[in-house]
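>>> coords below, sequence missing:
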């Protein structure tokens, strides 16, 4: 049986309680890395303050603009709601005045009192139909003093303005406007308006008495269907209108029930609070959802001839405010997002233009610190960074010149150890540089070629003159010393210690085709090695020791092709042949190289 102590246990970090902790640690680490980005990148230090400021301003602007737009919309909505209520009240009042004008016109029509008294229905019909047609009266009834119908007609065909008799079982004598008009006649009133429930639905009726010798002999009723009234009011108020009776129950409304909606989805009844609100402020307002749409409803008392006969309401859809607010918010967010994107894009472009040059300066400084004096920032702008880059390039050029001067001095020290090869290292460095230009190498590699040419024989400094300059046969120990061609420990710039490989040593008493070459070390590139070897061999046979030197340039090239082809690649020999004419002209015209050549000839003599 396996011991429990040997069973693999699941780390606490993978157990359920620790998952949240690990997630928190991950996000905390992620946030820390994001927060550390500005410390590592200069461009973010330039962009972030403006981005944060733009974010704050954008959010504040969006909030304020959305609030202003919403506030303006709400104010306009409130004004429109109040205006709709006012227009509705005016429309109802105009309808009442129209009724009164029709009643007054019929009352004062000649022959009406006599026709009513004689109950001549045909005569009454002839006298009232003209007024009814002219005023587009929907319902017109003439009653006697007891409230019984003498003549009652309604507009059966509005297009043809054709009237028919009313034949329903209603009893107008019991209607409120008839009773009020008769009751107010002795006091000089004789007019009343009210909502009447008829067999054809609620009707907006206005009544006026017909008098003869100060006696009431009849009543004229002019009415309009309440559905027609609210439709006319809606067309003027541009709002949905509902009219309520004295019992606060809806009598007519302009709300249209959608075909897919249920009746119980619409509650258009008046709230109980309207009576108390009418006593305080005269109006009452509430939000209400009717058939799935949000409305703001304003209630007001329905006053006819200064008397409250019911109530009415106007309703405007309020969802457009929320929609407008949402649209404004999205539009502002989109505008803000585009602005932020533009700010970030411009900021990245500008900061990149700045930091790219700073990066070039930093990279140049790092390369120079690593010993590459050929590195240049190459910043051409005229601003402070450009001036700094020019100063760095000038300083690096000065350091490179001093460094190359030191190397030339070192090469001279090698030449002083062996007067026969005086100037050889300098010529190898110059020829190697010319070969590098032939291969279109970069400036850094050209600098490496020149340095390698100067230092390829630095190993001679570690060999005693008695062995190196010995012309007779070498002992085995001396041969081993020369063939080892020891490396020197040189201090590079910055204090770093490097091993500099010796190139090749032209030994006395040895044939050129048996010359020893030490293998390049420490990552010296193949192209640099091949170029320096080609330049070294050419100068050695062209201007080397008398026993195997002093060839012409053509003889040297021919000899190298036949004798050193195994050491130098064919392509390198072709390149050497291509640059030799220019090299010979440069060597012949360069005063320094000429002086070295004269000194070599004097030493050899």
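On my side now, so go ahead. Worth saying up front: this structure is predicted, and the values here are computed from it rather than measured.

>>> low-confidence bits of the stretch 351-500 of the chain, can you list those?
Along the stretch 351-500 of the chain, the parts satisfying pLDDT under 70 run over 407-408, 410-422, 457-500.

>>> show me where the stretch 1-150 of the chain has its strands.
139-144, 149-157 (DSSP state E, counting those that start in this stretch).

>>> okay, these, which one's buried deepest?
When the strands of the stretch 1-150 of the chain are scored by mean count of other CB atoms under 10 Å, the highest mean neighbour count falls to strand 139-144 (a mean of 23). Where you see a C-beta, it was placed from the backbone N, CA and C, and this is true even at glycine.

>>> list the neighbouring strands of that strand plus their orientation.
Note on strand 139-144: by DSSP bridges, its sheet partners are strand 149-157 (antiparallel), strand 215-225 (antiparallel).

>>> give me the contact list for it.
Contacts to strand 139-144, defined as CB atoms under 8 Å, 6 or more residues apart in numbering, come from residues 102, 106, 112, 116, 119, 124, 128, 132, 149-155, 163, 166, 172-173, 178, 203, 205, 210, 217-225.

>>> got it, and stretch 57-65?
By CB under 8 Å, 6+ apart, stretch 57-65 touches 328, 329, 332, 333, 336, 339, 340.

>>> ok, stretch 278-288 next?
81, 85, 267, 271, 273-274, 277, 294-301, 311, 315, 318.

>>> buried ones in stretch 167-176?
By neighbour count on 16 or more other CB atoms under 10 Å, the buried set for stretch 167-176 is 170, 172, 175, 176.

>>> would you list those in TSV and tack on pLDDT and distance to residue 57?
Formatted as TSV, the buried residues of stretch 167-176 follow (pLDDT from 0 to 100; distance: CB to CB, whole Å):
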residue	pLDDT	distance to residue 57
170	91	71
172	92	73
175	93	69
176	89	66
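
>>> need those residues in CSV with distance to residue 233, can you?
What follows is those, written out as CSV (distance: CB to CB, whole Å):
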residue, distance to residue 233
170, 25
172, 25
175, 23
176, 22
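
>>> of those residues, which belong to strands?
Counting by DSSP state E, no part of the buried residues of stretch 167-176 is found in strands.

>>> which one of those residues sits closest to residue 70?
residue 176 (46.2 Å; CB to CB).

>>> who touches that closest one in this structure?
192, 194, 196.

>>> for residue 231, list the residues it contacts.
So residue 231 contacts residue 254 (CB under 8 Å, 6+ apart).

>>> how about the secondary structure of it?
Here residue 231 takes the helix state, with states given by DSSP: H, G, I helix; E, B strand; the rest coil.

>>> per-residue confidence for it?
At residue 231, the predicted lDDT confidence score is 92.

>>> try residue 218
Looking at residue 218, its pLDDT stands at 91.

>>> let's have the chain start at 38 instead
Okay, using 38 as the starting number, the last item reads as residue 255.

>>> what number of residues lie near it?
Neighbourhood size, residue 255 [other CB atoms under 10 Å]: 26.

>>> which helix in this protein has the most residues?
Using DSSP state H, we find that the single longest helix of the chain is helix 79-144.

>>> any idea how far residue 377 is from residue 101?
17 Å (CB to CB, to the nearest Å).

>>> repeat that for residue 433.
In terms of CB to CB, residue 433 sits 41 Å off from residue 377.

>>> which stretches of the stretch 188-337 of the chain have low pLDDT?
224-226, 296-302.

>>> ok, residue 409 to residue 487 distance?
13 Å.

>>> quick one, which of the two is more surrounded?
Taking neighbours as other CB under 10 Å, residue 409 and residue 487 compare with residue 487 leading, 24 against 17.

>>> element containing that one, please.
Element membership for residue 487 (DSSP states H and E) is helix 480-492.
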